[in-house]
Structures are given as C-alpha cells and as structure tokens.
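Q: give the three-dimensional model of this entry:
(chains A and B)
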There are 2 protein chains.
Amino acid sequence: TKFGVKKIWVQIQSVWEICKEDTGREIFALKVGVTVLLVSLLVLFEAPYQVFGSNIIWAILTAILVFEDTVGATFNRGFNRAVGTLVAVILAILVAETALSCGYLAEPIIIGLSMFMIAVITSYMKMWGALVQYEYGFRVTLLTYCLIVVSDYRIGNPIKTVIDRLYTIGIGGMISVLVNVSIFPIWAGDQLHKELVKNFHSVADSLQECVKKYLEDGSEKSKITMASIDAFHDEPAYMRCQSTLDSGSRFEALAKSAKWEPPHGRFMHISYPWFQYVKVGAVLRHCAYEVMALHSIVHAKIQVPYKLRVGLHSEVEETSNQAAELVRNLGRDISCMQWSVKDSHIKRLHNSIKRLQSSICFQYSYMLASSTFESPIPHNPSKSFTNISHIFYHLPYQREMEEETECYQEIKGKQLRRLCSWPPREADVFEEDSEQNIKMRGIESTAMLSLTNFASSLMEFVARVEHLVEAVDELSKMAKFKSALLC
Amino acid sequence: TKFGVKKIWVQIQSVWEICKEDTGREIFALKVGVTVLLVSLLVLFEAPYQVFGSNIIWAILTAILVFEDTVGATFNRGFNRAVGTLVAVILAILVAETALSCGYLAEPIIIGLSMFMIAVITSYMKMWGALVQYEYGFRVTLLTYCLIVVSDYRIGNPIKTVIDRLYTIGIGGMISVLVNVSIFPIWAGDQLHKELVKNFHSVADSLQECVKKYLEDGSEKSKITMASIDAFHDEPAYMRCQSTLDSGSRFEALAKSAKWEPPHGRFMHISYPWFQYVKVGAVLRHCAYEVMALHSIVHAKIQVPYKLRVGLHSEVEETSNQAAELVRNLGRDISCMQWSVKDSHIKRLHNSIKRLQSSICFQYSYMLASSTFESPIPHNPSKSFTNISHIFYHLPYQREMEEETECYQEIKGKQLRRLCSWPPREADVFEEDSEQNIKMRGIESTAMLSLTNFASSLMEFVARVEHLVEAVDELSKMAKFKSALLC
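A: Numbering: from 1, shown residues only, chains lettered A, B, ... in the order given. Down below sits the predicted model:
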C-alpha cells in the first residue's frame, strides 16, 4: 500500500504541475464562478425577483452565454446578443400583433410560417462569407424570435414580458462584461502580442536546434517515415515550430476579438493595427516553412559524410546563430514595442553568410582532393584558371589556390554525377552499368546535394528574414513603437 | 433610370451567381426551417401544450441549438446536450433537496455556493486539453444546473417540472437529428473525403501553374513584396494551394465529427479510418510546402535568362506534368475508393526526372559555351575527362562531349561566383572590386542558383510525392479500397 500511496501522490503532483503551468485557466474559471455568483444574488434575494418574476433566469442565461475567455470576444458576443435580441423582439412583436389581429384560424398559420421564414433567412445569412463572424447573433435572433412568438403570446401582457426580459438580459450581459473587464482581464490583444512574440522565439529556437542536429555526429540516423512525419518528440523546438505553422487561424480569431477591445495597457492608441500582427505572423510562417525544409534535409535518409559537415561547423553555426539572433531581436522588439534593429545587424548576418559561402567553396575542394576517388588522369585543356583566381582574389583562401584549381574537375565530376543519378532508389533502371556501382554513386552524389541544399535553404531563410524585418518595420511605424529604448 | 435599373439587375445577378455556386448553404437553411416548423407544430397545436405547459419552449431551444451543418456534428452536440443536461439535473436535485432541508436561512447560501462551485469546475474542465471537445456539454451542464436550482425551485413540484423538461429536450433533439439525417444529410465524412480529394487536385494544379509561369517568357516580372505575399490573384490554383496549407484544423474538426457518424453511403464498414485522412492531409501539406518553395523561386527578383529556362522547357514540363498526374491519380483513387497506382507510374516519373537531370547537365554546358564570357585562357591540367565521359556514357548527348568538357571550367567559374556572392543586395560590402562589377556578377550567379534550385525543389517535390503514395497506400489498406476498378 505504501507503493500505491506513492503512486497516487506522483499522479497528484503531475496534475498539479499541469495546473500551475497555465494560471490563465484558473483565473478564467474563478471569473465565471464570480459572475454566476453575482447573478445568482439577483435571484436569491427576493426584491429583484418580485420585479422581474421568472424572467430573471434570462440574466443567468445571458451572463453564462456571453462570458468568453478574452475581453474582446466577450464584447463581440455581447454585441451579437444585444443586436440579435433587439431584432428578434421587434420582428416578433410586429408579426405576433398581426397574427392576433387576423383571427383565431389564421394565427397559427402565420406564426408557423414566420418561424420557418426567419429560420431559413438567419441560417442562410450566417453561412454567408462576410457574415460568418456574426453567427452567434443570427442564432440568438432565431431563438429569441421563436421563444417570444410561441411562448410569451400564451401569457397575458406579452409586451411587458418582452420588455422585462430585455432588462434582465441587459443586466446579465452587463455583469458578465464588468466581471470580465475588472477582474484580471485577459485581453485578446495581449494574447495576440504574446503569442506572436512566442512564435518568433520558437522559429529561432527550432532553427538552432535543427542546425545543431545537423552538425552532430550522425552515427544514429532518424528517418522520416509516415508514422513519424509529424512527431519528433526529441526535438521540442521543432514541435513548437510546427504549431507556429498552424497559428494562422488562431491569430485571425484573436485579431478579430482584439478589434473589439478599447485601448488598454500598452496599446493605448485608437485603431491599433492588430491586423498587421496577422500579416507579420504570415511572413513569420514563411520563414518557418524554410525551417521545415532544413529539418527535412537533416532527417533525409542520405547524408553528407560527417567529416564534410564538421568542416563547415563554425560557419554554419555562426550564420544560423546570427539569423536566430536577428529573429529573436525582432521578437524582443515587438515584445517591448520598440524598434532597435539596425542595419549593422543585417550586415553582420550577410557577412557571416558570405563566410559560409566561401567556406563551402574551400571545403568542397579540400575534401574532394583528399577523397579516395582514383582514376586514370588524362590532361585536358582548361581555360578557367584566371577566372577562378580572379573570383577568389578577395577570399581568405588564396594560398590554397593551386590545390583548389586542381580538384575542380573532381568537384565537377561529382556534381554531374549528382545531377544525373538522383533519386538513388530507382538506380536499377540504369542498365549500362553495374547496379551496385550506380547505387553507390547515387548515394554519394545525393549526399553532396544535401550539403548545398542545406546551405541554400539557410540562405533562403535569411532572405525571408529580410521580408520579416520589413514587415516588423511596417508594424513598428503603424503601431508607433518607440525607437531604441532599453527593454 | 434605365441605367440604374440595369445596374441593380447586374447586382442581383451577381448575388444569384454566388447563391447558385454552393447549394449546400440553401439546403442547410431549408433544413433548419423545416426543423423549426416541425417543432413549432408541437406548440401551435393545443394538445402537447396541455401536457408539457410552458416547458415546451425547451423543445424549440434544443432543436435550434443542436442543429449543426453535418450529421456528425449534430450527433456530437446532441450527445453533449443530453449528457450535460442529465448531469445537471441529478446534481441540481441533490443539492436543492439538501438546501431545502437545511432551512430558510441556509438555503440561499448553499444554492449560491453550489452555483459558484459548479461554474468554477465546469469552466476549468472545459479548458483542459483532452476535454475541450466537450466544451458545449460543460456549458449546458452549468446553464441547466443554474436554471433548475434558481428558477424551478420557486415553482411548486420541481421534480415534475424537471422531468417534463427532459422529455421536451429529448423531443426537440430527436426532431433535430431526424431532420438532419433524413433530408439531404450532409455527412462530415463525405465532406472530409471530398475536401481531401479537392486538395490533391489543387496541389497538382498549382504545381503545373507554377511551372507554366516559370517557363513563360519572363518579360514582365512580379516581385514578392510585403503587400502581395499572400495575394497572387492572377494565379487561382496558387490561392487554392494556400488554402490547402491551412486545412489542417478543418480536417481535424471534420474527422472528429465523422467519428460520430454511423456507417453510411460508401463508408460502410465500422470504425472507418477517418484519422488516416487527416494524416494523408498532413503529408499532402508537406508536398504543398514544396510547391510554395517553387512559387517563391518563380517570383524571386532575379531570374535565370529566359533562353536558359526555355531550353529545359520540355523536360521540366514533362516532369511536372507526370508528378501532377500522379498526385491527381492518387486523388482520383481516393475519390473512387480504389487503388490503381502502379509501380510503372512511379518509374515513369523517375525516368522523366532523370531526363531533366541530364538535360540540366547538357543545357548548362551548352548555354555557357555560347555565352559572352570572354577572358584570357591559360591552359591548365585537368584530370576530369575520363570521369565525365564515364558519367555521360549513358546520356543521349555523347556527341557534344568535346564541347561540353571545354566549358566545364566556365560552369565552375560561374558556380563559384554564385556561391561567393549571394545575396546580391549587399554586394557593396565587397571592397576589393568595383561595385558595379560585383553587383552584375552577383545577379548572374543568383540567376544560376535559381535554375538549380528550381530543379532540386521539383525533385524534392517528387520525393515527397513518394511519401504521399505510401500514406495513400496505407489508407487504401485500412479503408479496404478495391483494387483497380474503373471509376
């Protein structure tokens, strides 16, 4: 039993850990509790009950139905409920008065048909592109209309009932909104702001994680199989980056809610550009696509030999670190609402990309010169030397020039084979050569392709980061960020 | 006025066009109308009203609230409502009886506190990861609990009221579900099936559109700017492909609904693998990411000259057409629930990729040999000839061998410059050379990179299509597709 108790204790602790990690949930739950308690006071004391009668339940219904997690969403829902109820009340009174005046026989027919019509019209309109965001309003209109027309007209004095109900709905909605705004308000704008910043950091993290994995000794190789295409549990940043890819619809929903919020906290000016956040998020997702591409190169079946990869270690690491640093900087700037990214940051990144490029040139030559590739060597006129020396003039590797020029032919050979025997798995269709040979060659050349692909994906990532810089710059202007304050 | 009438007529026609294009909306709206009409009959005739009294409004409420667009979602919501109501009723009766027996003073305190507790617990649980899908159930529990405890205990005979209400809620729910299933049912499974197939076609279309754009004469060049990063209105397939990227959450929602649906139509066996559809969708999105990469190459600022691109016209077109055809075939197979993709399809695709590869080798050499690049030509020992001839042995271009070998040095030169001067826009940091020169060189080399990038992205797309074939194969086994029937 001692073991059993311990087990239960561990269970309780793990649940407690989950509870602690997101306090937003607890605050939300307590706020709902307070709202319900406040509304129930209305009912539990006799005085309000004497005034409104059983209509008081509408205060409870409204308070619970309008209460959403963010302030903006609550406002939006409250607005939908208010407008929907008003429209329904006006329609219902008009139709019901008409029906009553048409006599005993026509009345049910008119009421039935009007319910059918309202149901069709509201259901049709709430599916219409631009009106989807008012879906709740249409639902409320239909519900309220049916309730008033069917039920209240059985009771005497329908108009007093309807007006009482409007009052109680108003009271319920007000309590809901007040509690939501005054007790630890959760602003959709704040959420959007925080999640965007978080996405910047997860893209940066997963870039570095991916590069680190690539530069590790690849003795154990994980393959992308169907089962694991979405699951790399040993790479937490990758998982977060994946969720970045799916953040589009959430960002849009938050921006829509944020639009309803009054100026608050740090977002004090009117018409704060929330939709620019969605745009920045979209550009950031374009960067994340490139991280996914890098990731799939890292996890491809055929890899460039470790010795080749490790030769580029410092350059790849430097480039990726600087790119990640820039992305993090942008995230921090948004977080602090300032603009501190200078051209020098971007220049430094470009410089490290250039070092990576020249290093690939050098590394390529060097590794291939020392490779085991042996073959009869006929001499062949070459006209490239001057060009190449001209190009290499500004690189730090002039000393190795001789060595390099000698092995260009090798590189070229490898590259041609690379181009001509991808993909490796269908090598069996070549019939002129022994199968094994071709297969080996295919694997070798795909390995080469993998390194250049990795480098050029890294460059593409940097190119997209430039778009990101533009987008954040635009945001900083629209949202009037301060320039270069300490955070 | 004649002009005005015409204008209005055009407006009406355009709205009519939109209405015609999606008949699902109309059917949904009419179904809601029928449901409301049926429920209202319960109220409009005197007999049921005599039995249930004003509780009859709960039938209307339930019918409207439970009615969702797909059968699965309606079942799910109905289940949530049923369980939520039952739990609330049991809790409410227990608490209310306890409170009543505690005397006049303790009663409001117990009821108020119990409402607070239930509000906090349900709100907390509905935010809990695994329980989010039952959100509506928790909401219903809270609502119903509050209504019963607060309102019904003011009226005499609360238990009869509660049981009457359960009946009416049951009736409302039944009518809603029956109408939904019997009149033009919209099955979530069907929707998922159709949308997955549609996504296959849009990925295939946008691949072909993208390749076509690349092979067009690029005299007019569109740039990716911040404003247009998500909007290429002249490329309808691209827009559809974009929506494929965001389909993840929609697929998951549909699969969740589909799980609730009984076997129907063509999906007759129990526990049909709906979640494999979501997986296939994820793999398809991985393919779509690659189309996005191709798209960004097509719209990059710097392009390889048209004459170079056009030289590869037939090979690139063939490869992309075959890849698109394979993707479309997979889509059609899913659509017909059969498995007709043969290894020969895949082999043909590989063959065309190989033709593309060798063509790049050849094209490269040829175009560069005829380029305007002139420079002093010192002769340099080269050891590559045998290797290259060995590699080129099985290619259809042996005749041009001599010419090719001569210009390899040129290619290499170009490639080195390419590697060493990306990105072009920061060329001003090179200080050893005249700026203009470097800039030109940078543009030239990036242009080269663009062609190899395009080709290797196309190859990566094909590699991912192989994953797609595996995923669809697995689906075909799990869902017991027929093999090779005509559609």
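
Q: okay, now stretch A:265-278: how far is its last residue from its first?
A: Start and end residues of stretch A:265-278 are separated by 20 Å (CA to CA, to the nearest Å).

Q: so is it next to chain B?
A: No. Residues of stretch A:265-278 contacting chain B under CB under 8 Å from any CB of the partner chain: none, with a closest distance of 9.9 Å. Where C-beta positions appear, they are placed from N, C-alpha and C, glycine not excepted.

Q: return the distance of that stretch from the chain's centre.
A: With CA atoms, centre = their mean, to the nearest Å as the basis, stretch A:265-278 stands 18 Å off its chain's centre.

Q: buried ones in that stretch?
A: With burial defined by 16 or more other CB atoms under 10 Å in any protein chain shown, the residues of stretch A:265-278 counted as buried are A:267, A:272-274, A:276-278.

Q: so which of those residues belong to helices?
A: Counting by DSSP state H, the buried residues of stretch A:265-278 place A:274, A:276-278 in helices.

Q: kindly reformat the residues you listed as TSV containing pLDDT.
A: TSV is the format used below for those (pLDDT from 0 to 100):
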residue	pLDDT
A:W274	89
A:Q276	90
A:Y277	91
A:V278	91
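
Q: and which of those is nearest to B:F52?
A: In terms of CB to CB, no member of these lies closer to B:F52 than A:W274, at 48.0 Å.

Q: what residues are up against that closest one?
A: Residues near A:W274 by CB atoms under 8 Å, 6 or more residues apart in numbering or on different chains: A:189, A:192, A:255, A:258-259.

Q: can you check A:T35 too?
A: Each residue near A:T35 by CB under 8 Å, 6+ apart is listed here: A:63-64, A:67, A:175-176, A:179-180, B:119.

Q: distance to A:I169 and secondary structure for the residues you listed - can I get that in CSV?
A: Below are the contacts of A:T35 laid out as CSV (distance: CB to CB, whole Å; DSSP: H, G, I helix; E, B strand; the rest coil):
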residue, distance to A:I169, secondary structure
A:A63, 9, helix
A:I64, 12, helix
A:F67, 14, coil
A:I175, 11, helix
A:S176, 11, helix
A:V179, 16, helix
A:N180, 16, helix
B:A119, 19, helix
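
Q: which pair in those spans the largest distance?
A: Within the contacts of A:T35, A:N180 and B:A119 form the most distant pair, 13.6 Å apart (CB to CB).

Q: dump the residue contacts of the most centrally placed residue in chain A.
A: Compute the mean C-alpha point of chain A, and by CA atoms, centre = their mean the closest residue is A:S247, 2.3 Å away. The neighbours of A:S247, taking CB under 8 Å, 6+ apart as the test, are A:195, A:199, A:281, A:285.

Q: out of those residues, list just those in helices.
A: Per DSSP H, the subset of the contacts of A:S247 in helices is A:195, A:199, A:281, A:285.

Q: buried residues in the helix or strand that A:E315 is a member of?
A: Take DSSP states H and E as the rule and A:E315 turns out to sit in helix A:313-336. By 16+ other CB under 10 Å, the buried positions in helix A:313-336 come out as A:315-324, A:326-336.

Q: any idea how far A:I110 lies from A:A92?
A: Relative to A:A92, A:I110 is positioned 12 Å away (CB to CB, to the nearest Å).

Q: kindly apply the preceding question to A:R348 instead.
A: From A:R348 to A:A92 the distance is 68 Å (CB to CB).

Q: please say which of those two ends up with more neighbours.
A: Between A:R348 and A:A92, A:A92 has the larger neighbour count (other CB atoms under 10 Å in any protein chain shown), namely 26 against 15.

Q: quick one, what contacts the more buried one?
A: Counting by CB under 8 Å, 6+ apart, A:A92 has contacts A:144-145, A:148-149, A:162.

Q: leaving out sequence neighbours, find the closest residue to it.
A: Leaving aside its sequence neighbours, A:A92 sits nearest to A:I148 (CB to CB, 6 or more residues apart in numbering or on different chains; 3.9 Å).

Q: what about the one you found, which SS state?
A: For A:I148, the assignment made with DSSP: H, G, I helix; E, B strand; the rest coil gives helix.

Q: residues near it, how many?
A: Per other CB under 10 Å, the neighbour tally for A:I148 reads 23.

Q: over to A:A119?
A: 27.

Q: can you give me the distance of it to A:C102?
A: Per CB to CB, A:A119 is found 21 Å from A:C102.
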